[in-house]
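Asker: got a predicted model here, sequence first, then my questions.
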Amino acid sequence: MDPLRVALIQSRSPATPQAALAHLRPLLADAVAGGARLILTPEASNFMEKRADRKALILEDQAEDLVVQGLCQVAADAGIWVLIGSAMVRSDDPADPRAANRSILINDRGEIASAYDKLHVFDVDLPNGEHYRESTGVRPGESAVVAPTPWGGLGLTVCYDLRFPQLFRALAQAGADLISV
């Protein structure tokens, strides 16, 4: 088994997938040059757009998303694994217009090895009267995912999932050796 050398990419999420991919490619190239075999990007790596009308115009199916395609190519070219912390993509439910906040694991051949839709969306009512409803634009996932990798099972989570310890227990019981957040 190859030794595990991980790189965590800290990036900003531009408003377009084109800008996101242009921003991510050199960061991944630097990580590869440093010997990384598994590279992780943050949540919403492909774009960040709060306005529902604009988001609807940008949102693509996972297979058509420019950042997903581009990072699959990077993984294949470099022979590395890439975990897109998440990409905002169309939900697999054609009757539901909300996006999926999907963590996508790409293997060293540039193939999608596994995917996980964020289970816990962030809905909150603040004491000052403000409200935030991620669930209006993001469809929650349905199950936990442990993905096989050369370094063991990788449990996939996204952002707010961190607040739910039962998910991490379930991942550990399902064979996760590593967990990404």
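Answerer: Structure received.

Asker: residue for residue, what is the longest strand this structure has?
Answerer: strand 81-90 (DSSP state E).

Asker: and the next helix or strand after that one, what does it pack against?
Answerer: Reading on from strand 81-90 to the C-terminus, the next helix or strand found by DSSP states H and E is strand 99-106. Of the remaining helices and strands, those touching strand 99-106 by 3 or more Cβ pairs under 8 Å, 6 or more residues apart in numbering; DSSP states H and E are helix 66-78, strand 81-90, strand 112-117, strand 145-149, strand 152-156. To be clear about C-beta, it is placed using only N, CA and C from the backbone, and glycine gets the same treatment.

Asker: run the chain-centre distance for strand 99-106.
Answerer: Relative to the centre of its chain, strand 99-106 is centred 4 Å away, using Cα atoms, centre = their mean, to the nearest Å.

Asker: ok, now stretch 38-46?
Answerer: Between the centre of stretch 38-46 and the centre of its chain there are 6 Å (Cα atoms, centre = their mean).

Asker: residue ranges in this protein under the pLDDT threshold?
Answerer: 1 (pLDDT under 70).

Asker: state the helix or strand in which the residue sitting furthest away from the middle of the chain lies.
Answerer: Centroid-distance maximum for the chain: residue 128 at 31.5 Å, with Cα atoms, centre = their mean. Per DSSP H and E, residue 128 falls between elements, in no helix or strand.

Asker: ok, residue 42 to residue 61 distance?
Answerer: Separation of residue 42 from residue 61 (Cβ to Cβ, to the nearest Å) stands at 21 Å.

Asker: no, scratch that, I was asking about residue 175
Answerer: Taken as Cβ to Cβ, the span from residue 175 to residue 61 is 29 Å.

Asker: ok, residue 161 next?
Answerer: In terms of Cβ to Cβ, residue 161 sits 23 Å off from residue 61.

Asker: no further questions, thank you.
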